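# Sequence isn't available, so here's the structure alone:
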């Protein structure tokens, strides 16, 4: 039974009992991930990424919906699926007094077939630490150990839940190399992250999740292209003058959207060389000098902000001003309502 | 072959995790040993201590002082009475002569057990607190010494045969108690606390995300627990028999069997305690809830017979009571399997019931 899909999910829902009635952690997700793809699930904390992944990993039961992993279903085929997948959970703390090789050997013993422990250790470049105790490893090395443990069964599908959260830039890069290596070996990788740059670099396709739903799906380039413009101008004004309605800037040439962002404004722009002179003229006419101005390429982060009106990593804004941000989104974007 | 067996690998991992932590080895093996040594020495059988007595100074104090000094001198010169000697062995008397007011003050503040107030050359008063057993005893001893010095003759001959035999001392009582406590601690800490920590570290989840057979996981933890039992038992038995001369009157094999069944009962309780808990605080509280009543009631440090009759059915149902009781019977009284079968049955019942409940409730993820 060979399925071309590594993962298929239909109408997945997960409801938890909450204080104010049931909470929909996952609220109707459909997903099809072909074999060999590196797929990213993006979203802020609490968006439902981990719940979704744990259901796919068979560690959590869905309230309703269908899940297939490698053409098999969890009910009835659990052991067969487990033999063929590898799982790295968020924040696993391995026992301090085990060495890297002992731990990888232990996990190898759970699988009928797989890599030699030393081979798995080499895949994550921990050879020099093979005899070191877990407590002697840095955070990044422990995270790579977690990946080695997930790799040792030579899985066809590898799940990585926030593999780089809390790591320093160098450790993140090392882990990216491990993931690229896996993809080049034709393995399917499903990773969750709230780092947009990570998804842009690693993933063939990404799904952006918010409030338990997929709000955008496609390759990073496609999603950015959907913004309609791939440049961003950010600026702030000097003095404490009255705020300016961003709609003023949205009328400028080549500007697609305009909105308030933090202490300044953010414009999505097709051609900066046309938008910039107009913007400067406009500000001069309003007699409001610039405090700063930067331009950059649009990123997945901008896609997320455009879709939700929120930044990916601020978890508090929505609590404080969900009404306000929703209103702002309506007039500055208007074309997508939730 | 061994390398690819999940059971063997999990078992080895559990052993490594233990022996690589010297602090744990101390708390599991060193601490009970230390406790046994300290308590064993503290409650060692000793010759009777001198009785502190105060005599009020005055014109009639002289003969009393003389009689008591004479008594103490006899004790020193003839440590062993001749066979058939009529004299009972009385403790030495530590007499101090002080002014009357001072003697009364010492008595009122509990610094002395007995005050003698001479009235005439042939009469005196004993002043003491009859609610203090040692004061009553002191009065009897002093009175006998003084009366005999004054010429009293005992009309009947009596003989004292003193017994200080291994097996009836406090240390002999204590060692089986500590073996039981170790089995309880091993089950609750080594299984309950250990599993909750695996859950907190998300390692349990990490294990069940692999094709690891769950029975191998639990089997390996139990096997490791029973392995740790060997040094557990050996350390205390060796200490007891080599350092304190504790007898091992029954079958050593039966001692091991009882300890294993007891360890399984506590392993089941540990598993049950760990089946749902997600925090260290909660598991510590639960473990105390289980362990403290047994420490107090199960006759580890002092006999559980002292508790009121109506609590006895409850106390006898506790696994630690049965484990410690059975170990004492075999070690000190030389009991066989038949005599301890009820204890073994109760411990087995604890093991079966707790394991079946725990396996039903245990939360892996």
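Noted; the coordinates are in hand. What you see is a predicted model, and the numbers here were worked out from it, not measured in a lab.

# Spell out which parts of chain A neighbour chain B.
A:54, A:57-60, A:79, A:82-83, A:85, A:87, A:89-95, A:97-98, A:102-103, A:105-112, A:133, A:149, A:153 (Cβ under 8 Å from any Cβ of the partner chain). The C-beta positions use only the backbone N, C-alpha and C, and glycine is treated the same way.

# Filter those down to the ones in helices?
Among the residues of chain A next to chain B, the ones falling in helices (DSSP state H) are A:54, A:79, A:82-83, A:102-103, A:105-108, A:149.

# Could you identify which of the residues you listed has the most neighbours?
In terms of neighbours by other Cβ atoms under 10 Å in any protein chain shown, those top out with residue A:149 at 28 neighbours.

# Contacts only, for that residue.
By Cβ atoms under 8 Å, 6 or more residues apart in numbering or on different chains, the residues touching residue A:149 are A:88, A:94, A:103-104, A:107, A:120, B:206.

# which element is residue 142 on?
Using chain A. helix A:139-151 (DSSP states H and E).

# could you do chain B instead?
Per DSSP H and E, residue B:142 falls inside helix B:133-149.

# Kindly spell out which helices and strands sit in contact with whatever helix or strand comes next after that helix.
Scanning forward in sequence from helix B:133-149 by DSSP H and E, the next helix or strand is helix B:170-187. Under the contact criterion of 3 or more Cβ pairs under 8 Å, 6 or more residues apart in numbering or on different chains; DSSP states H and E, helix B:170-187 touches helix B:31-42, helix B:214-238, helix B:252-274, helix B:280-297, helix B:319-333.

# how far away is the most centrally placed residue in chain A from chain B?
Nearest to the mean C-alpha position of chain A, counting by Cα atoms, centre = their mean, stands residue A:42 at 2.5 Å. The gap separating residue A:42 from chain B is 22 Å, by Cβ to the nearest Cβ, to the nearest Å.

# so what's that residue closest to, chain neighbours aside?
Excluding the flanking residues, the one nearest residue A:42 by Cβ to Cβ, 6 or more residues apart in numbering or on different chains is residue A:208, at 4.9 Å.

# So which bits of the stretch 151-300 of chain B are right by chain A?
Counting by Cβ under 8 Å from any Cβ, the residues of the stretch 151-300 of chain B close to chain A are B:201-203, B:205-212.

# Who wins on neighbours among those residues?
Most surrounded of those: other Cβ under 10 Å gives residue B:209, at 26 neighbours.

# Residue 110 - how many residues pack around it?
Since no chain was named, I'll use chain A. Look at residue A:110: counted by other Cβ under 10 Å, it has 24 neighbours.

# that answer is for a different chain, and I need it for chain B
Count around residue B:110 with other Cβ under 10 Å applied: 10.

# cool, residue A:263 as well?
9.

# now do residue B:179
Neighbours around residue B:179, by other Cβ under 10 Å: 28.

# thinking again about what came up before, among the residues of the stretch 151-300 of chain B next to chain A, which pair sits farthest apart?
Within these, B:201 and B:211 form the most distant pair, 20.5 Å apart (Cβ to Cβ).

# list the contacts for the residue of chain B most remote from its centre?
Most distant residue from the mean C-alpha position of chain B: residue B:59, 50.9 Å away (Cα atoms, centre = their mean). Neighbouring residues of residue B:59 by Cβ under 8 Å, 6+ apart: residue B:118.

# Next, find the distance separating it from chain A.
79 Å.

# mind checking the SS state of that residue?
Assigned with DSSP: H, G, I helix; E, B strand; the rest coil, residue B:59 falls in the coil class.

# pLDDT of the helix holding residue A:142, averaged?
Regarding helix A:139-151, the rounded mean pLDDT is 93.

# what about that helix, distance to the chain center?
Helix A:139-151 sits 19 Å away from the centroid of its parent chain (Cα atoms, centre = their mean, to the nearest Å).

# Following element in sequence after it, please.
Immediately after helix A:139-151, counting by DSSP H and E, sits strand A:157-161.

# orientation of the next helix or strand after that following strand relative to strand A:157-161 in degrees?
Remark: after strand A:157-161, the chain's next helix or strand is helix A:169-184, criterion DSSP H and E. Relative orientation of helix A:169-184 versus strand A:157-161 (axes from the mean of the first three to the mean of the last three Cα atoms, to 10 degrees): 160 degrees.

# What residues sit buried inside stretch B:179-188?
For stretch B:179-188, a neighbour-count test (16 or more other Cβ atoms under 10 Å in any protein chain shown) marks B:179-188 as buried.

# Tell me how far the residue in the stretch 251-365 of chain B that chain A sits nearest to lies from residue B:278.
Here the stretch 251-365 of chain B gets closest to chain A at one residue, residue B:365, 5.0 Å apart by Cβ to the nearest Cβ. Distance, residue B:365 to residue B:278, using Cβ to Cβ, to the nearest Å: 11 Å.

# and those two? which has more neighbours close in?
Higher neighbour count among residue B:365 and residue B:278: residue B:365, with 14 against 11, using other Cβ under 10 Å.

# List the residues that contact the more buried one.
By Cβ under 8 Å, 6+ apart, the contact set of residue B:365 is A:54, A:59-60, B:204-205, B:208.

# Check what pLDDT it gets.
Reported pLDDT for residue B:365: 78.

# Any regions of the chain where pLDDT drops low?
I'll assume chain A. A:1-2, A:311-338 (pLDDT under 70).

# actually chain B
B:1-2, B:45-47, B:76-88, B:162-166.

# Which strands and helices lie in contact with the helix holding residue B:142?
The elements that helix B:133-149 packs onto, with contact taken as 3+ Cβ pairs under 8 Å, 6+ apart, are strand B:51-56, helix B:61-77, strand B:93-98, strand B:114-120, strand B:123-127.

# and it, how far out from the chain's middle?
33 Å.

# ok, and what's touching that helix?
Residues from elsewhere that reach helix B:133-149 (Cβ under 8 Å, 6+ apart): B:51-53, B:64, B:66-68, B:70-71, B:88, B:90-91, B:93, B:113-114, B:116, B:126, B:128-130, B:154.

# switch the cut-off to 7 Å
Helix B:133-149 is contacted by residues B:51, B:53, B:64, B:67-68, B:70-71, B:90-91, B:93, B:113-114, B:126, B:128-130 when judged by Cβ atoms under 7 Å, 6 or more residues apart in numbering or on different chains.

# and those residues, which are buried?
B:51, B:53, B:64, B:67-68, B:71, B:90-91, B:93, B:113-114, B:126, B:128.

# Please identify which of those residues is nearest to residue B:293.
Closest to residue B:293, out of all of the buried ones among the contacts of helix B:133-149 and judged by Cβ to Cβ, is residue B:113, at 36.9 Å.

# now the closest one: how far from residue B:364?
64 Å.

# what do you get for residue A:10?
26 Å.

# List the residues that contact residue B:21.
Shown in contact with residue B:21 (Cβ under 7 Å, 6+ apart): residue A:97.

# Am I right that residue A:166 is in contact with residue A:138?
No. Between residue A:166 and residue A:138 there is no contact under Cβ atoms under 7 Å: 11.4 Å.

# Can you get me the start-to-end distance on stretch A:259-269?
End-to-end distance of stretch A:259-269 (Cα to Cα, to the nearest Å): 12 Å.

# And for stretch B:147-160?
20 Å.

# Check stretch A:285-304 too.
End-to-end for stretch A:285-304, by Cα to Cα: 33 Å.

# list the buried ones in it?
In stretch A:285-304, counting by 16+ other Cβ under 10 Å, buried: A:293, A:298-304.

# Equivalent analysis for stretch B:7-23, please.
B:7-14, B:16-18.

# Then stretch A:133-141?
So, applying 16+ other Cβ under 10 Å, buried residues of stretch A:133-141: A:133-134, A:137, A:140-141.

# Count the neighbours of residue A:277 for me.
Residues near residue A:277, counting by other Cβ under 10 Å: 12.

# swap that for residue B:302, sorry
Neighbour count for residue B:302, taken as other Cβ under 10 Å: 13.
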